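*Asks:* Fold the following for me, if possible:
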Amino acid sequence: MTLRFSVLASGSTGNAFYIESEKERLLVDAGLSGKQLEKLLSEVRIDATKLTGILVTHEHSDHIKGLGIIARKYNLPIYANEKTWKAMEGSIGKIALDQKFHFNMEEVKTFSDIDIESFGVSHDAAEPMFYTFHHDNKKVALVTDLGYVSERIKKTVEDADAYIFEANHDVGMLRMGRYPWNVKRRILGDSGHVSNEDCGLALHDIIGNRTKRIYLAHLSQDNNMKDLARMSVSNVLEERGVAINKRLEILDTDPKKATDLYEVV
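*Replies:* Below you'll find the model as predicted:
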């Protein structure tokens with residue numbers, strides 16, 4: 001077995017990602033209730049008692065809501081950078097000292113047979129960071145919750161086998177929508193979220209010959225739709241000569257339903 005993963009939940013109401021190898025079974029974020037997380041894991045036939053750890057990207061509640069509950073129930077180590085630990089301590093309840101681990105930004109950490117690289121993103125949190133996963137010459141990149149995709153990020157995540165990539169909003173829908181202007185400005189700003197079009201433009205710069213799957217993630221419930229996101233990103237890529245077909249697929253994620261467990265081959 002190589003890397004296998006499922007986007008358990010993705011969206012403004014809660015985010016959780018699962019990835020496994022022969023020796024590791026990791027959660028990234030736990031932004032739903034403990035019960036919901038267990039249900040989503042069981043949907044893809046993952047036994048929560050076999051989890052080996054939880055990585056945290058940042059302290060926003062849609063990423064850590066069930067973190068303390070799951071970590072305590074299954075006695076799991078939690079990995080986050082120092083500023084994120086400080087920012088989320090008041091929200092996740094008491095965590096035993098032997099469950100607290102530091103994972104610094106721009107660091108590569110080895111978990112048994114997976115090398116995990118963290119990289120910083122521009123988002124309005126204490127020190128937000130996301131991850132690429134390397135195992136057996138395979139690479140999976142998780143990239144959401146960022147205002148823009150910097151050249152440094154592009155270099156870190158380029159030529160992955162699979163991407164879980166933010167396509168948060170359609171700019172027109174957001175501008176015309178019901179959000180107050182200060183919220184719109186935050187989402188559109190450099191520390192907000194990536195639009196459908198900007199997602200397509202970034203993907204064009206980073207996908208490589210081995211890229212097979214792109215999962216569009218963290219869609220806004222109010223300012224986006226799955227069909228629209230998929231169409232917008234596909235159009236941007238196809239206009240630039242990238243064929244969307246069986247070799248390169250674009251897939252949806254959902255805030256309440258896990259994607260099928262996918263094995264990177």
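*Asks:* Quick one: residues in contact with stretch 132-142.
*Replies:* 2-3, 5, 17, 19, 21, 28, 57, 113-117, 119, 130-131, 156-157, 159-165, 264 (CB atoms under 8 Å, 6 or more residues apart in numbering). For glycine as for every other residue, the C-beta is placed from the backbone atoms N, C-alpha and C.
*Asks:* if you set the cut-off to 7 Å instead, what comes out?
*Replies:* The contact list for stretch 132-142, computed with CB atoms under 7 Å, 6 or more residues apart in numbering, reads 2-3, 5, 17, 19, 21, 28, 113-117, 130-131, 156-157, 160-164, 264.
*Asks:* out of those, which are inside helices?
*Replies:* 156-157 (DSSP state H).
*Asks:* Show me where the chain has its strands.
*Replies:* 4-9, 16-20, 25-28, 53-55, 78-80, 100-102, 108-111, 114-120, 129-135, 138-143, 162-166, 213-217, 249-252, 262-263 (DSSP state E).
*Asks:* for the second one, what is the average pLDDT?
*Replies:* Think strand 16-20. What strand 16-20 shows for mean pLDDT is 98.
*Asks:* Return the list of strands paired to it, each annotated with direction.
*Replies:* strand 4-9 (antiparallel), strand 25-28 (antiparallel) (DSSP bridges).
*Asks:* Between the ones you listed, which one is closest to Leu219.
*Replies:* Ranking these by proximity to Leu219 (CB to CB) places strand 4-9 first, at 11.4 Å.
*Asks:* distance between the closest one and the chain's centre?
*Replies:* In terms of CA atoms, centre = their mean, to the nearest Å, the centre of strand 4-9 is found 9 Å from the chain centre.
*Asks:* Pull the residues that contact it.
*Replies:* Residues contacting strand 4-9 (CB under 7 Å, 6+ apart): 15-20, 32, 40-41, 44, 140, 164, 215, 217, 253, 255-256, 258-263.
*Asks:* can you check stretch 145-161 too?
*Replies:* Under CB under 7 Å, 6+ apart, the answer for stretch 145-161 is 57-58, 117, 119, 121-123, 128, 132, 138-141, 143, 166, 189-194, 202, 205-206, 208, 210-212, 218, 264.
*Asks:* Could you measure from Lys23 over to Ser220?
*Replies:* Distance of Lys23 to Ser220, given as CB to CB, to the nearest Å: 36 Å.
*Asks:* about what we covered before: what's the closest of the strands of the chain to Lys65?
*Replies:* strand 16-20 (9.4 Å).
*Asks:* Spatially nearest residue to Leu3 (excluding sequence neighbours)?
*Replies:* Leaving aside its sequence neighbours, Leu3 sits nearest to Val264 (CB to CB, 6 or more residues apart in numbering; 4.5 Å).
*Asks:* I am finished for the moment; much appreciated.
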